[in-house]
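1. Mind folding the following:
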Amino acid sequence: MMRARLYLLVFFCFVQISLSFTQELNLKSDWRFKTDPNQLGEQQKWFSKVFDDSSWELVQVPHLWDLENEYANYKGKAWYRKDFTLNRLDKNKRVFVALGEIGMSYTLYIDGKKVGYV
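-> Modelled structure (predicted):
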């Protein structure tokens with residue numbers, strides 16, 4: 001088994017991983033969420049595999065933080081983190097990450113490595 005960590009710097013997300021178009025891993029539940037008003041996340045390596053996110057809020061996606069009173073007026077970056085495990089994959093197979101609607105932009109990290117952004 002291969003253990004992976006998925007880290008997103010996003011404004012809103014829904015995620016599903018498609019493996020070879022025949023197998024899907026649903027990642028809707030138990031995400032860690034934290035706003036980043038001082039933009040410390042990248043500097044403090046919140047995307048790192050070993051970063052401790054246990055104090056972050058636990059949310060389900062899709063997650064619309066602007067509908068929550070606590071974040072109603074928040075404008076800025078936020079992070080979502082998710083741990084998941086993939087079965088061993090053939091190196092010749094592709095893995096697709098499908099992100100739902102995202103408010104502005106995102107950066108995608110898997111196992112602490114930047115693998116995509118918009």
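2. where in this structure is pLDDT low?
-> 1-23 (pLDDT under 70).
3. and with 50 instead?
-> 9-14, 18-20 (pLDDT under 50).
4. Enumerate every residue touching Trp65.
-> Going by CB atoms under 8 Å, 6 or more residues apart in numbering, Trp65 touches 12, 33, 35, 71, 74, 78. (Each C-beta comes from the backbone N, C-alpha and C, glycine too.)
5. Ala72 reaches Asp66, doesn't it?
-> Yes: the pair Ala72 and Asp66 qualifies as a contact (CB atoms under 8 Å) at a distance of 6.1 Å.
6. what about these two, which has more around it?
-> Taking neighbours as other CB atoms under 10 Å, Ala72 and Asp66 compare with Asp66 leading, 12 against 9.
7. wait, is that one part of a helix?
-> Yes: using DSSP: H, G, I helix; E, B strand; the rest coil, the secondary structure at Asp66 is a helix.
8. What distance do you get for it to Lys49?
-> Counting by CB to CB, to the nearest Å, the separation of Asp66 from Lys49 is 29 Å.
9. try Glu24
-> Glu24 is 24 Å from Lys49, by CB to CB.
10. Of the contacts of Trp65, which is the nearest to Gly103?
-> Gly103 has its nearest neighbour among the contacts of Trp65 in Phe12, at 4.8 Å by CB to CB.
11. Show me what Leu108 bridges to in the sheet.
-> Leu8, Gly116 (DSSP bridges).
12. Quick check, it in contact with Gly116.
-> Yes: using CB under 8 Å, Leu108 makes contact with Gly116 at a distance of 4.2 Å.
13. Neighbour count: these two, which is higher?
-> Leu108 (20 against 12).
14. any idea how far that one is from Asp90?
-> In terms of CB to CB, Leu108 sits 22 Å off from Asp90.
15. Same check on Val118?
-> 28 Å.
16. Settle it for me: which of these two has more neighbours?
-> Higher neighbour count among Val118 and Asp90: Val118, with 10 against 7, using other CB under 10 Å.
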